[in-house]
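Participant: Pasting a predicted model and its sequence here:
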Amino acid sequence: MTRAYHKKLNGQKWCWKCQQYKLLSEFYHNRFMYDGLDNHCKACHRTTYNYSSEYQSQYYLANKERLLPKHRESAKASRISRKQIIT
C-alpha cells in the first residue's frame, strides 16, 4: 500500500495532521524535508508540543518522589565529570 503524495499547489502545501492545504507561510522550515518545510502546519505542531509538555509536567508531578533522587544523582555525576575535564 502506498501513501498519497501531495505536492505544493499554488503556494500551498498539504498538512498531514489536519488533512488540509495551507499556505507555505503556515509551515516551519525543516532542512531535512524534501521541500525544506515541515509536513505539519504550525498550528498542529503547537498543539502536539503543548500536549507533550503538559503530559511531561503531569507525569513528573505524579512521580516526583521516584524521579527526584535519580535527577540529583545525574546532576552530581555531571558536575564531577565536568570537574575532571577541567583539571
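Facilitator: That came through fine. Numbering: from 1, shown residues only.

Participant: contacts, neighbours, all on C-alpha from now
Facilitator: Noted.

Participant: can you map out the helices along this structure?
Facilitator: Here the chain has its helices, by DSSP state H, at 42-62, 64-86.

Participant: Any chance of TSV for these, columns distance to Tyr34, mean neighbour count and mean pLDDT?
Facilitator: Shown next, in TSV, are those (distance: least, C-alpha to C-alpha, whole Å; neighbours: other C-alpha atoms under 10 Å; pLDDT from 0 to 100):
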stretch	distance to Tyr34	mean neighbour count	mean pLDDT
helix 42-62	18	12	87
helix 64-86	38	11	81
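
Participant: how about CSV for those, with distance to Leu9 added?
Facilitator: Output for those, formatted as CSV (distance: least, C-alpha to C-alpha, whole Å):
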stretch, distance to Leu9
helix 42-62, 18
helix 64-86, 49
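
Participant: Quick one: closest of those to Asn30.
Facilitator: Between Asn30 and the helices of the chain, the tightest spacing by C-alpha to C-alpha is seen for helix 42-62, at 11.9 Å.

Participant: Please export the C-alpha coordinates of the closest one as CSV.
Facilitator: Output of helix 42-62 as CSV, limited to C-alpha atoms (Å, rounded to 0.1, in the frame of the first residue of the first chain):
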residue,chain,number,x,y,z
LYS,A,42,2.4,25.5,12.7
ALA,A,43,-1.0,25.1,14.4
CYS,A,44,-0.7,21.3,14.5
HIS,A,45,2.9,21.5,15.6
ARG,A,46,1.9,23.8,18.5
THR,A,47,-0.9,21.5,19.7
THR,A,48,1.3,18.4,19.6
TYR,A,49,4.1,20.3,21.5
ASN,A,50,1.7,21.7,24.1
TYR,A,51,0.1,18.2,24.7
SER,A,52,3.5,16.7,25.1
SER,A,53,4.8,19.3,27.6
GLU,A,54,1.6,19.1,29.6
TYR,A,55,1.9,15.3,29.8
GLN,A,56,5.5,15.5,30.9
SER,A,57,4.8,18.0,33.7
GLN,A,58,1.9,15.9,34.9
TYR,A,59,4.0,12.8,34.8
TYR,A,60,6.8,14.5,36.8
LEU,A,61,4.4,15.8,39.5
ALA,A,62,2.8,12.3,39.8
